[in-house]
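Student: please work out how this folds:
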Amino acid sequence: MPLLATQLAIAAEQALVDTGQNACYDDAGTVIACPAAGQAFAGQDAQHEGRQPSYIDNGDGTVSDLVTGLMSQQTPGEKLTWDEARTEAASADLAGYSDWRLPTIKELQSLVDYTRSPVTSGIPAIDPVFITSLLDDGEVPNYWTSTTHMDGPARGDYAVYVTFGRGLGWMESPPGSGDYALLDVHGAGTQRSDPKTGDPDNYPLGHGPQGDVIRIFNFVRALRDAETSPEPHPGPEQAVSAE
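Tutor: Numbering: from 1, shown residues only. Coordinates of the predicted model:
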């Protein structure tokens with residue numbers, strides 16, 4: 001089978017989780033009524049419905065995703081460099097399984113819940129069935145993926161992480177003033193990259209045009225491929241009644 005056809009066949013089998021986005025915007029970022037087909041700004045995320053997130057708390061430190069078929073570590077591991085994170089995930093022995101690994105960028109992105117964020121709702125952008133922790137400065141940590149960043153001048157030296165909190169950057173304000181402010185320049189759910197090794201103190205004003213905060217030591221949420229149970233974890237709008 002030709003490469004493109006193979007890639008399309010694989011993509012057709014991958015389950016896409018709905019982002020939860022339900023608002024439409026214009027090019028100024030203003031909320032608008034979702035436009036009809038053919039009108040300006042039509043075809044936005046809010047106008048496409050994917051499969052709704054559905055999780056099971058397995059009661060053993062793991063969470064099963066009924067949409068993607070993946071099983072994830074419920075409580076994140078410690079802060080590590082990228083190589084340390086890969087080793088930590090691969091050597092994990094959790095809930096009787098030993099085939100854990102770092103998630104790919106797409107796999108970890110599927111856990112982002114865009115109906116939540118520290119800015120809009122005061123909580124991380126992930127279902128509450130997952131346990132999250134905070135850094136010493138009160139920020140939600142970033143989580144490593146297995147995906148290496150292969151463009152830019154330091155090709156292969158950076159790996160991708162996903163934010164479930166604020167996507168922070170040091171921005172010069174106003175431009176040319178020499179004054180920098182720490183801003184949520186990217187937002188929750190963004191994909192950025194950190195050096196695989198090094199000292200965060202060498203990046204006092206971040207990296208790149210938006211001054212992305214460099215942490216290098218990011219958290220781990222390992223996962224594995226798994227069969228799942230048909231009973232979903234109740235979401236925030238669902239209730240469980242006792243018999």
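Student: which elements pack onto the strand ranked longest in the chain?
Tutor: In the chain, with assignment by DSSP state E, the single longest strand is strand 142-149. With contacts defined as 3 or more CB pairs under 8 Å, 6 or more residues apart in numbering; DSSP states H and E, the packing partners of strand 142-149 are helix 82-90, helix 105-109, strand 158-163, strand 191-195. Where C-beta positions appear, they are placed from N, C-alpha and C, glycine not excepted.
Student: go again using 7 Å as the cut-off
Tutor: Using 3 or more CB pairs under 7 Å, 6 or more residues apart in numbering; DSSP states H and E as the contact criterion, the secondary-structure elements in contact with strand 142-149 are helix 82-90, helix 105-109, strand 158-163.
Student: pull out the buried residues from the second one.
Tutor: For helix 105-109, the neighbour count (16 or more other CB atoms under 10 Å) marks 105, 107-109 as buried.
Student: which one of the residues you listed is nearest to Q52?
Tutor: Nearest to Q52 among the buried residues of helix 105-109, counting by CB to CB, is Q109 at 16.3 Å.
Student: surely that closest one touches F164?
Tutor: No. Applying CB atoms under 7 Å, one finds Q109 not in contact with F164, separated by 10.5 Å.
Student: now the element after the worst-scoring helix or strand of the chain on mean pLDDT, going C-ward?
Tutor: Taking mean pLDDT, DSSP states H and E as the measure, the helix or strand of the chain with the lowest value is helix 3-13, at a mean of 40. Next along the chain after helix 3-13, taking DSSP states H and E as the criterion, comes strand 24-25.
Student: partners of that next one, with directions?
Tutor: Paired neighbours of strand 24-25 in the sheet (DSSP bridges): strand 31-32 (antiparallel).
Student: which SSE is immediately downstream of the strand it pairs with?
Tutor: Toward the C-terminal end, the helix or strand that comes next after strand 31-32 (DSSP H and E) is strand 55-57.
Student: please identify the buried residues of that next one?
Tutor: For strand 55-57, by 16+ other CB under 10 Å, it's 55-56.
Student: check which helices and strands it is in contact with.
Tutor: By contact count (3+ CB pairs under 7 Å, 6+ apart), the secondary structure elements abutting strand 55-57 are strand 62-65.
Student: state the mean pLDDT of the strand it packs on.
Tutor: Per-residue pLDDT over strand 62-65 has a mean of 95.
Student: give me the contact list for it.
Tutor: Contact with strand 62-65 is made by 55-58, 71-74, 94-95, 129-130, 226, 228-229, as judged by CB atoms under 7 Å, 6 or more residues apart in numbering.
Student: give me the distance from that strand to the chain's centre.
Tutor: Distance, stretch centre to chain centre, for strand 62-65: 16 Å (CA atoms, centre = their mean, to the nearest Å).
Student: following it, which helix or strand comes up?
Tutor: Past strand 62-65, heading to the C-terminal end, the next element that is a helix or strand (DSSP H and E) is strand 70-73.
Student: name every strand pairing with that next one and say which way it goes.
Tutor: strand 62-65 (antiparallel), strand 223-225 (antiparallel).
Student: out of the ones you listed, the one nearest W100 is which?
Tutor: When those are compared for distance to W100 using CB to CB, the nearest one is strand 223-225, at 5.1 Å.
Student: list the buried ones in that closest one?
Tutor: Neighbour-count burial for strand 223-225, counted by 16+ other CB under 10 Å, picks out 223-224.
Student: who touches that strand?
Tutor: 69-73, 97, 99-101, 103, 107.
Student: buried subset of those residues as a PyMOL selection?
Tutor: Here is the PyMOL command that selects the buried residues among those (16+ other CB under 10 Å):
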select buried, resi 70+71+72+73+100+103+107
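Student: where does this protein dip in pLDDT?
Tutor: Counting by pLDDT under 70, the chain contains low-confidence ranges at 1-15, 152-153, 227-243.
Student: rerun at 80
Tutor: Applying pLDDT under 80 to the chain flags residues 1-16, 20, 151-154, 226-243.
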